[in-house]
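S.K.: sequence and predicted structure, then a few things I'm wondering about:
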Amino acid sequence: MGGGKKFIKIINVLIIIILTSLMGNLSILLADVINVGYTGPLSGGAAKYGRNNLEGLEMAVEEMNAAGGITVGGKKYTFKVIALDDRYKPADTVTNARRLIELHKPPFIFCPHAGGILGMLKFNEQEKFIIHGYTDSPAVLQQGNRLLVKAPMSMGFYNSGVIELGWQKGWRKGALLCGTHESGKLAEKIFEVLWKDKGGQIVANAPADYAKVTDFYPFLTKVLAAKPDCIFLYGPSEPSAMIISQARELGFKGGFVLGSQCKLDEMEKVTPLKLISPSTGVCPVGMMPLPLMQDYSKRHKERFNTIPTSESAFNYEVMYIFAEAMKKSGTVSDVYKIMEAVPQVLPVGKHAIRGIHTMTKEGQFLSGYFAMEVDEGKFGKPVDIDPRPWYQKYGATWMPK
Amino acid sequence: MPYIKNFNEKDEAEMALFIQQVLNGIMLGSIYSLVALGLTLEYGILHIPNFAHGALYMAGAYLTFLLATQIGFNYWLAMMLAMIALAAIGVLVERLVYRPLIKESPLNSFIAAIGLIFIFVDGALHIFGPDFKRFPPVHYEAFQVMDLTITLQRIIIITVTVLLIILLQLFIKKTTIGATIEATAQDREGALLMGISVNRVRMIVFGLGTALASIAAALIAPIHLVYPGMGGPVILKAFVIIILGGMGSIPGAIIGGFILGLVESLSGGYISTAYNEVFSFGVLVTVLAIRPTGLFGAK
């Protein structure tokens, strides 16, 4: 054997030693990737809402990947989020979903608007993907689809809490000034039905397109002429805050019942609490007495430099639920098996930041919920409201007639 | 006599409500008029509608917002500076986007305008984010006169609009530049023959149009919100107004603006607010049925 051959032998041995030591790391480098799809508004008037949803999902995926991915059936997997903009248009949602299925085969697709979700429900069982539908609208649960989960609870339930608090403050004559978008119209009906059920009156109704209206004075002038005790608002936070400002300018001293889309912490940045008082609304996610949620808020703020909302929090938790369900069911592709495992993994330990504890037969997740009052320039104490009694009474698919 | 007393009180309240709605309509009309004025000036000189007018309006709002909050300028100073900047941007847009397309089909200018919209709106989205931004409260003192409420900012809006309208009329009718603008708008070839630098006139007028859009945006910013999509709804109304008033007509834009403001306010107050746009377009269709070129449109 010449010196050259010996040299080659040594090199071979060295290569084998290096490769075997890399094996441990290689398994992560070679870990299979599970694609997670997202289709929602990332531009246009609802861009912020779409972004909030996506951020929760991205946060969960980043954390899971940083921890080395998850192990399902002995194999390691990491996740990849593929986000597409559908500009809030259901037709685009469907196009995006088909593209995702064609190119990336995600077992999960997240979507934050009822129109898009309903579109995808028409073919998700054939194409075998689970939808997380982030929406207040109960309509999505009425399709009998077996591959759907929905984290936000019913609009009827969320708004029943703030209405109850308003009623307890002694308000009886209510006026409606809700947005003309899909959920705004639904909220308007819910307010009317639940308020009248309690014995209250609706003295005026002036729906407004919160995004397009230049000046709310004409709407407020009409509403205030009927001398209401309180005004029901439903729409994005900042325009809602503007409505309150302008109502105070016009001399309104009564209260506001803020629907579930109005986020008090975002509103506070536009209009001081002193002017918002007195009112009732949903407790801002960052102020909920849920320690896991507080911790999440901090991390979210550091990562994205935005205030986390229910949108981010729920999508974060649902992604963890999906991951745990995969682990429990032992499969990353049999979506029906994964769905079966979902109720069994609730709550998902330290990632249960919103406290999802139950799933109804339609796929509705039940979790913690707090309403609160704003009085004399200060937030009141969060009032804990258990969803189970309301859901037992009305059911997950209740919609006002 | 209690019966008559109650009757008077109710009457007074109805009257106050009506006047408040009229006041609301006039304020709304002022903003609409300003935006429509800029648009009609641009049309008068380009003979092509500037679909990117709403995007430029939005740019004016953001610039004013930036100057007033990040740099801390006084509101009026911020408005002036933004106006000058937008005038400059307007001149650039005319020179670089519309002028090269002057001999082509109007469709090309339309497509170019859509491109501009994408650039401005996406740019705003990336630089400022999709959030609604609140302008720091300015001139929010409210005046209550006999059951009527108006804030200082709204009084300013109406006053500035009226002032600008008067100034514009004086400028067009009483100055030489104004005369050249009118001449160019009426007959481009004739103006060229007279030795008027048509290119310069186009740039001046376009800059004026965008400056007006910027002022309108700066005026309304304190009572509304600033966000990347804010140009859309405004530009739609502005087009309704200039078609209603007659494209290229200044009095048409002004009167059209106030008509639209009043229709929106009164129809919302007395019939239903949900059908705002139905009433606005209803008026448009009715006027066009009687006068197809608009109220003051050229025959």
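M.R.: Done, it's in.

S.K.: would you check that residue B:231 makes contact with residue B:116?
M.R.: No. Using Cβ atoms under 8 Å, residue B:231 is not in contact with residue B:116; the gap is 10.9 Å. All C-beta spots, glycine's among them, are computed from the backbone N, C-alpha and C.

S.K.: neighbour-wise, which of those two wins?
M.R.: A side-by-side neighbour count of residue B:231 and residue B:116, using other Cβ atoms under 10 Å in any protein chain shown, places residue B:231 first with 27 against 19.

S.K.: wait, is that one part of a helix?
M.R.: Yes. With DSSP: H, G, I helix; E, B strand; the rest coil as the criterion, residue B:231 is part of a helix.

S.K.: the spatially closest residue to it that is not a sequence neighbour: neighbour count?
M.R.: Spatial nearest neighbour of residue B:231, excluding adjacent residues (Cβ to Cβ, 6 or more residues apart in numbering or on different chains): residue B:54 at 2.9 Å. Neighbour count for residue B:54, taken as other Cβ under 10 Å: 28.

S.K.: in the helix or strand that contains residue B:54, what counts as buried?
M.R.: Secondary structure from DSSP states H and E places residue B:54 in helix B:53-69. Using 16 or more other Cβ atoms under 10 Å in any protein chain shown as the test for burial, helix B:53-69 gives B:53-68.

S.K.: near chain A, which residues of the stretch 1-150 of chain B?
M.R.: B:13, B:17, B:20-21, B:24-25, B:27-28, B:31, B:122, B:125, B:129-132, B:134, B:140, B:142, B:144, B:149 (Cβ under 8 Å from any Cβ of the partner chain).

S.K.: and if we set it to 6 Å?
M.R.: B:17, B:20-21, B:24, B:28, B:130-132, B:134, B:142, B:149 (Cβ under 6 Å from any Cβ of the partner chain).

S.K.: including neighbour count and pLDDT, could those residues go into a markdown table?
M.R.: A markdown table is the format used below for these (neighbours: other Cβ atoms under 10 Å in any protein chain shown; pLDDT from 0 to 100):
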| residue | neighbour count | pLDDT |
| --- | --- | --- |
| B:17 | 18 | 87 |
| B:20 | 24 | 89 |
| B:21 | 23 | 90 |
| B:24 | 29 | 90 |
| B:28 | 27 | 88 |
| B:130 | 22 | 80 |
| B:131 | 18 | 80 |
| B:132 | 25 | 85 |
| B:134 | 20 | 85 |
| B:142 | 15 | 79 |
| B:149 | 21 | 81 |
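
S.K.: give me the nearest residue to the residue nearest the centre of chain A, chain neighbours excluded.
M.R.: Of all residues in chain A, the one closest to the mean position by Cα atoms, centre = their mean is residue A:311, 3.0 Å from it. Using Cβ to Cβ, 6+ apart and skipping residues adjacent in sequence, the residue nearest residue A:311 is residue A:52, 3.8 Å away.

S.K.: count of residues packed around that neighbour?
M.R.: Residue A:52 - counted by other Cβ under 10 Å - has 27 other residues nearby.

S.K.: and it, helix, strand or coil?
M.R.: Recorded secondary structure, residue A:52: helix (three-state DSSP).

S.K.: OK, contacts around it?
M.R.: Applying Cβ atoms under 6 Å, 6 or more residues apart in numbering or on different chains to residue A:52 gives the contacts A:309, A:311-312.

S.K.: where do the helices sit along the stretch 1-150 of chain B?
M.R.: Under the criterion DSSP state H, counting those that start in this stretch, helices of the stretch 1-150 of chain B are mapped to B:2-46, B:53-69, B:75-93, B:106-128.

S.K.: need those helices in TSV (columns: distance to residue B:164).
M.R.: Below are the helices of the stretch 1-150 of chain B laid out as TSV (distance: least, Cβ to Cβ, whole Å):
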stretch	distance to residue B:164
helix B:2-46	7
helix B:53-69	14
helix B:75-93	11
helix B:106-128	23
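
S.K.: what's the most buried one of these?
M.R.: Across those, the average number of neighbours (mean count of other Cβ atoms under 10 Å in any protein chain shown) peaks for helix B:53-69, which reaches a mean of 25.

S.K.: from the chain's centre, how far out does that helix sit?
M.R.: The chain centroid and the centroid of helix B:53-69 are separated by 14 Å under Cα atoms, centre = their mean, to the nearest Å.

S.K.: what's the weakest-modelled helix or strand in chain A?
M.R.: Lowest on mean pLDDT, DSSP states H and E among the helices and strands of chain A sits helix A:3-29, with a mean of 68.

S.K.: where does the chain have low pLDDT?
M.R.: No chain in the question, so chain A it is. For chain A, the stretches flagged by pLDDT under 70 are A:1-3, A:19-31.

S.K.: wrong one, I was asking about chain B
M.R.: B:1-7, B:298-299.

S.K.: repeat that for 80
M.R.: Filtered on pLDDT under 80, chain B yields the residue ranges B:1-10, B:46, B:136-142, B:144-147, B:185-186, B:188, B:274-277, B:297-299.

S.K.: residues from the stretch 1-150 of chain A in reach of chain B?
M.R.: Counting by Cβ under 6 Å from any Cβ, the stretch 1-150 of chain A comes close to chain B at A:44-45, A:47-48.

S.K.: quick one: which of the residues you listed is nearest chain B?
M.R.: Distances from chain B to the residues of the stretch 1-150 of chain A next to chain B, taken as Cβ to the nearest Cβ, are shortest for residue A:47 (3.5 Å).

S.K.: isn't the closest one right up against residue B:129?
M.R.: No. Using Cβ atoms under 6 Å, residue A:47 makes no contact with residue B:129, being 8.5 Å away.

S.K.: more neighbours: those two, which one.
M.R.: It is residue A:47, of residue A:47 and residue B:129, that has more neighbours when counted by other Cβ under 10 Å, with 22 against 16.

S.K.: give me the phi and psi for that one.
M.R.: Backbone torsions for residue A:47, taken as degrees, to the nearest 10, come to phi -60, psi -40.

S.K.: once you drop chain neighbours, what's closest to residue B:221?
M.R.: residue B:135 (4.4 Å).

S.K.: and that neighbour, how many residues sit next to it?
M.R.: 22.

S.K.: cool, residue B:272 as well?
M.R.: 15.

S.K.: how close does it sit to chain A?
M.R.: Plainly put, residue B:272 is 8 Å away from chain A if you go by Cβ to the nearest Cβ, to the nearest Å.

S.K.: ok, that residue to residue B:13 distance?
M.R.: Applying Cβ to Cβ, to the nearest Å, the value for residue B:272 to residue B:13 is 21 Å.

S.K.: my read is that residue B:75 contacts residue B:138, right?
M.R.: Yes. Between residue B:75 and residue B:138 there is a contact under Cβ under 6 Å: 4.9 Å.

S.K.: can you give me the helices for the stretch 151-299 of chain B?
M.R.: Secondary structure of the stretch 151-299 of chain B (DSSP H, counting those that start in this stretch): helices located at B:152-174, B:176-186, B:188-193, B:198-220, B:231-245, B:250-270, B:276-290.

S.K.: list the buried residues of the last one.
M.R.: If I follow you right, that is helix B:276-290. Quick answer for helix B:276-290 (16+ other Cβ under 10 Å): B:276, B:279-280, B:283-284, B:287.

S.K.: contacting residues around residue A:110?
M.R.: Counted by Cβ under 6 Å, 6+ apart, residue A:110 has contacts A:38, A:57, A:132.

S.K.: just those residues now: which is nearest chain B?
M.R.: Nearest to chain B out of the contacts of residue A:110 is residue A:38 (Cβ to the nearest Cβ; 16.1 Å).

S.K.: quick check: phi and psi at the closest one.
M.R.: Dihedral angles (degrees, to the nearest 10) for residue A:38: phi -140, psi 130.

S.K.: residue A:146 too?
M.R.: Dihedral pair for residue A:146: phi -90, psi -10, per degrees, to the nearest 10.

S.K.: no further queries at this time; thank you.
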